[in-house]
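A.B. asks: how does the following fold in three dimensions:
(chains A, B and C)
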Amino acid sequence: MKNYTTLADIDNLETIIREARGLKFENPDTKAGEGKTLGMLFFNPSLRTRLSTEKAAKLLGMHVMVMNADKDGWALEFEDGAVMNSDKAEHIKEAAAVLSQYCDIIAVRAFPGLKDKEKDESELVLNSFKKYASVPVVNLESATGHPLQALADAITIQEHNTAEKPKIVLSWAPHPKALPQSVANSFVEMVHRLDVDFVITNPEGYDLNPAVRKDIKVEHDQEKAFKDADFVYVKNWSSYEDYGQVLNVEKNWIVNQEKLKHTNNAKVMHCLPVRRNVVIADDVLDSENSIVIQQANNRTFAAQAVLKRLLESLDA
Amino acid sequence: MKNYTTLADIDNLETIIREARGLKFENPDTKAGEGKTLGMLFFNPSLRTRLSTEKAAKLLGMHVMVMNADKDGWALEFEDGAVMNSDKAEHIKEAAAVLSQYCDIIAVRAFPGLKDKEKDESELVLNSFKKYASVPVVNLESATGHPLQALADAITIQEHNTAEKPKIVLSWAPHPKALPQSVANSFVEMVHRLDVDFVITNPEGYDLNPAVRKDIKVEHDQEKAFKDADFVYVKNWSSYEDYGQVLNVEKNWIVNQEKLKHTNNAKVMHCLPVRRNVVIADDVLDSENSIVIQQANNRTFAAQAVLKRLLESLDA
Amino acid sequence: MKNYTTLADIDNLETIIREARGLKFENPDTKAGEGKTLGMLFFNPSLRTRLSTEKAAKLLGMHVMVMNADKDGWALEFEDGAVMNSDKAEHIKEAAAVLSQYCDIIAVRAFPGLKDKEKDESELVLNSFKKYASVPVVNLESATGHPLQALADAITIQEHNTAEKPKIVLSWAPHPKALPQSVANSFVEMVHRLDVDFVITNPEGYDLNPAVRKDIKVEHDQEKAFKDADFVYVKNWSSYEDYGQVLNVEKNWIVNQEKLKHTNNAKVMHCLPVRRNVVIADDVLDSENSIVIQQANNRTFAAQAVLKRLLESLDA
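C.D. replies: Numbers count the residues shown, from 1 in each chain, chains lettered A, B, ... in the order given. Predicted coordinates for the structure are as follows:
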């Protein structure tokens, strides 16, 4: 593994899940990262990703340096050939090259603007770091993907699955703000690689990027989609077709116990933070059906497995 | 010790003072915290508490992760059953449970609003963490108490005391802003457990919460209170009766050398930061009477003793 | 070495360059700083200085605590005898003394205001820390100097020099904002101690402080200055004579390949961040002439050598 910017960087999902669970249950304070430094750069806020990745690195013996990109340092210019005479003090070419001098691995969080689909899909920030850094780059959630979350999701599904071929539903949920499609995208990419029944359910107008969905069925009737589900993965995203917009939706798509009745006593997942009684009801989050905390816990081991792989590639 | 949210969590003050002083004078770089993580969450600014607690944890071999709660992460909802459709992105139930996955001990600073006495006394933030976290919680100064400061104060008094039964005066001092009663409250709770003469002196209208003061005498005449004092602990607080208000006070309550003449060459303490020539005069802070720096130094060892106790409870 | 606030704190430049290069090429994970704490205090933003110094300290085994001075903590009062009844919550006397309890070395960044020459030249912040701290103080760029940068520059020049007595040109460059003279000042002070040909070139009105320049020639014709140069060090600074002002300059002083033709295929240096196509053109920064990334890398080893010296002075 040379970088971890997309789920496609994992060649064998089963193997890395096994490695992550090994790190979870055996003594995790290994020496794999001793004397090595992880630099974490945040263009957006973060709680779980920040803390779980920092913890993962420290459990591997790494030094960790955290930067709030625009607040602690300088605004960055990403355009090639720009005449930098206004507010951007540093070009990504220098920033990425310099960080590569101080860090053995660079991790970056950069959300989409949700205004310009093409620009967001170009993954300017993440790909610029990949292009100009001379060390491995990790995606801490970018414009279109959140592969560390997806790996934690895969670990969590494996840990809680009791069916031979479970049914997994990805269910859109309401939210007052326009949110990225990144978590949903990476979840879909991940589930493509599992031997499961998979359905996506969302209101019309909210179908995910067809290039990500591929042959996965979208069921616009939530109740029908939930039938016999073993896992319900709840997440809001803004419209892809009407890019970045929050559309008017007639029915309430919240996930509550009433709706879980149609499922096979499904385990309910969410990447967090979750708005209670808007996205998921208290009666689900406070029940045995919810595995959101266990899922958050697996963020540490997903990050640890990825960092360990990247550290091994440094020595290779 | 299961948590350290109030001084009452210490069963034997003498014993923990002895432990703290042991950590101060023997090699403090112990291994008690190896592989363990302290998460520090700040809802308000901090210098001494932040650095001394971080240092204490690192001296114990712990990893430390620091978060400025609202700036780095998400605004939290504390109300049970809330429909989270406005500005709060995450509920304390998830935040505390998730932090408990990443951290072995959680430390929280959350000041009072000083608008609503009942709300402040409910200690919503601290008690919510205590309720929903599955790991020990440390109070880094809450709405009504600052027990890490009080423990450092106790160590400092023991180190500088030469009298058999010293006289300690807690003296209110002027300040341009409305400040919490938390430092004064915890100091009073701590002194209750010492074998000393104790007087509180403050202007009328500034009497501390009777439930905290209990039988401690309040002397409204500062000069009388100072008579033969061995220690003068200076601190401003806003009114408890006229809750959170800064009242008009006729006489100047600043502590200066003129006033110390009435004392037994008293040692002067303050939790810092201190506004010079408003709260305490230069002629005291720059004199041998001041032990505010030694007091600040003891913050490290107070925190270290508390963290060590909590680490031991993890293993138990 | 008792402090590192100015280049004059280095008694033998050659020796410390050798030490820094030793740390660069031998295993740098030494134990010199074990159990010791570096406190870094930023009154201004920082990327390279922050990360390289943090990394240097960690490579020496030190604990590192980072504070954004005004954002995380309290506004500081520097005036002696001030009656602190407005917005400053803590006096530098207490702040420096308390930090000295928690940190074995204190590092401070504090830029000039560029409004009042005398005030900036008094180096109030840095000198106050030096005065009131009881531990060594490191300058992370102050009002008038950036000695860690200058040491990294010296290492870089030595690494890339092939001439017996190289010609070094310090060239002013345009910039949309008023910048400090600190980097240029410390560079000049450093070059004074090398056996080289040295020319400063800048537009009229931009001559550096004569007390720093001493006998160094200022050539107002950039092309003439560049003739046969082995190193061109590019940097903007605001006017010293017309203090802190950005003056109208007729000719374009950008450094590009066209101008490098006059040099001896000069190596081009800059402390970064650099505004591309304003200060230095893409055709230089993207060419073999640029050694700005190698120069940034040497920040780590300059900081490491300085910290190691200061750690040794602690034990002495």
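A.B. asks: how about the contacts made by the residue in the stretch 101-250 of chain A that chain C sits nearest to?
C.D. replies: Per C-beta to the nearest C-beta, A:Q101 is where the stretch 101-250 of chain A lies closest to chain C, at 3.9 Å. C-betas here are computed from N, CA, C, even on glycine. By C-beta atoms under 8 Å, 6 or more residues apart in numbering or on different chains, the contact list for A:Q101 reads C:293, C:296-297, C:300.
A.B. asks: identify the farthest-apart pair in those residues.
C.D. replies: Among those, the pair separated by the greatest distance (C-beta to C-beta) is C:I293 and C:T300, at 12.5 Å.
A.B. asks: run through the contacts of A:Q101 and flag the ones next to chain B.
C.D. replies: Among the contacts of A:Q101, not one lies near chain B by C-beta under 8 Å from any C-beta of the partner chain.
A.B. asks: among the residues you listed, which lie within helices?
C.D. replies: In helices, judged by DSSP state H, the following of the contacts of A:Q101 are found: C:293, C:296-297, C:300.
A.B. asks: which of the residues you listed sits closest to C:D207?
C.D. replies: C:A296 (27.8 Å).
A.B. asks: from A:A95, how far off is that closest one?
C.D. replies: Separation of C:A296 from A:A95 (C-beta to C-beta, to the nearest Å) stands at 10 Å.
A.B. asks: repeat that for A:A133.
C.D. replies: Counting by C-beta to C-beta - A:A133 and A:A95 are separated by 9 Å.
A.B. asks: same deal with A:S171?
C.D. replies: Applying C-beta to C-beta to A:S171 and A:A95 gives a distance of 39 Å.
A.B. asks: now swap in A:I17 and tell me
C.D. replies: Taking C-beta to C-beta, one finds A:I17 at 34 Å from A:A95.
A.B. asks: among those two, which residue is more densely surrounded?
C.D. replies: Applying other C-beta atoms under 10 Å in any protein chain shown to A:I17 and A:A95 shows that A:A95 carries more neighbours, namely 27 against 22.
A.B. asks: would that one count as being in a helix?
C.D. replies: Yes: counting by DSSP: H, G, I helix; E, B strand; the rest coil, A:A95 falls inside a helix.
A.B. asks: neighbour count and pLDDT added to the contacts of A:Q101, as JSON lines?
C.D. replies: Below are the contacts of A:Q101 laid out as JSON lines (neighbours: other C-beta atoms under 10 Å in any protein chain shown; pLDDT from 0 to 100):
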{"residue": "C:I293", "neighbour count": "18", "pLDDT": "98"}
{"residue": "C:A296", "neighbour count": "27", "pLDDT": "98"}
{"residue": "C:N297", "neighbour count": "21", "pLDDT": "98"}
{"residue": "C:T300", "neighbour count": "24", "pLDDT": "97"}
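A.B. asks: A:S86 touches C:H175, doesn't it?
C.D. replies: No: if you go by C-beta atoms under 8 Å, A:S86 and C:H175 don't touch, sitting 11.7 Å apart.
A.B. asks: pick out whichever of those two has more residues nearby.
C.D. replies: C:H175 (20 against 12).
A.B. asks: model confidence over stretch A:181-192, on average?
C.D. replies: For stretch A:181-192, the mean pLDDT works out to 98.
A.B. asks: can I get it in CSV, CA atoms only?
C.D. replies: Coordinates of each C-alpha in stretch A:181-192 appear next as CSV, following Å, rounded to 0.1, in the frame of the first residue of the first chain:
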residue,chain,number,x,y,z
GLN,A,181,-21.8,12.1,-0.1
SER,A,182,-18.3,10.9,0.9
VAL,A,183,-19.3,8.4,3.7
ALA,A,184,-22.0,6.9,1.6
ASN,A,185,-19.8,6.6,-1.4
SER,A,186,-17.0,4.8,0.5
PHE,A,187,-19.5,2.5,2.2
VAL,A,188,-21.0,1.5,-1.1
GLU,A,189,-17.5,0.9,-2.5
MET,A,190,-16.7,-1.3,0.5
VAL,A,191,-20.0,-3.3,0.4
HIS,A,192,-19.3,-4.1,-3.3
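A.B. asks: which residues touch it?
C.D. replies: Here stretch A:181-192 has contacts from A:6-8, A:13, A:111-112, A:141-147, A:149-151, A:153-154, A:168, A:170, A:172, A:198, A:200, A:208-209, A:212-214, A:216, A:233, A:235, A:237-238, A:240, A:271, using C-beta under 8 Å, 6+ apart.
A.B. asks: next one: that stretch to chain centre, how far?
C.D. replies: Put simply, stretch A:181-192 sits 8 Å off its chain's centre (C-alpha atoms, centre = their mean, to the nearest Å).
A.B. asks: tell me which residues of that stretch come out buried.
C.D. replies: A:181-192 (16 or more other C-beta atoms under 10 Å in any protein chain shown).
A.B. asks: give me the beta-bridge partners of the nearest residue to A:C103 once chain neighbours are set aside?
C.D. replies: Closest residue to A:C103 in three dimensions, ignoring its sequence neighbours and counting by C-beta to C-beta, 6 or more residues apart in numbering or on different chains: A:G39, at 3.4 Å. Beta bridges link A:G39 to A:M65, A:I106 when assigned by DSSP bridges.
A.B. asks: so who does A:G39 touch?
C.D. replies: Here A:G39 is in contact with A:65, A:67, A:99, A:102-103, A:105-107, C:51 (C-beta under 8 Å, 6+ apart).
A.B. asks: please apply the same query to A:L179.
C.D. replies: Counting by C-beta under 8 Å, 6+ apart, the residues that A:L179 touches are A:236-238.
A.B. asks: and those as JSON lines, adding distance to C:D228?
C.D. replies: Shown next, in JSON lines, are these (distance: C-beta to C-beta, whole Å):
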{"residue": "A:N236", "distance to C:D228": "65"}
{"residue": "A:W237", "distance to C:D228": "62"}
{"residue": "A:S238", "distance to C:D228": "60"}
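A.B. asks: quick check: next helix or strand after the strand or helix carrying A:M190?
C.D. replies: Counting by DSSP states H and E, the element that carries A:M190 is helix A:182-191. Later in the chain than helix A:182-191, the nearest helix or strand by DSSP H and E is strand A:197-201.
A.B. asks: let me know the secondary structure of A:V234.
C.D. replies: Classification of A:V234 by three-state DSSP places it in strand.
A.B. asks: list the contacts of it.
C.D. replies: Per C-beta under 8 Å, 6+ apart, neighbours of A:V234: A:171, A:173, A:255, A:268-270, A:274, A:279-280.
A.B. asks: A:V137 and A:D104 touch, don't they?
C.D. replies: No: contact criterion C-beta under 8 Å: A:V137 and A:D104 do not qualify, at 11.6 Å.
A.B. asks: higher neighbour count, those two?
C.D. replies: Set A:V137 next to A:D104 and count neighbours by other C-beta under 10 Å: A:V137 wins out with 26 against 19.
A.B. asks: that one and A:A150, how far apart?
C.D. replies: 17 Å.
A.B. asks: got it, and A:D286?
C.D. replies: With C-beta to C-beta as the criterion, A:D286 and A:A150 are 26 Å apart.
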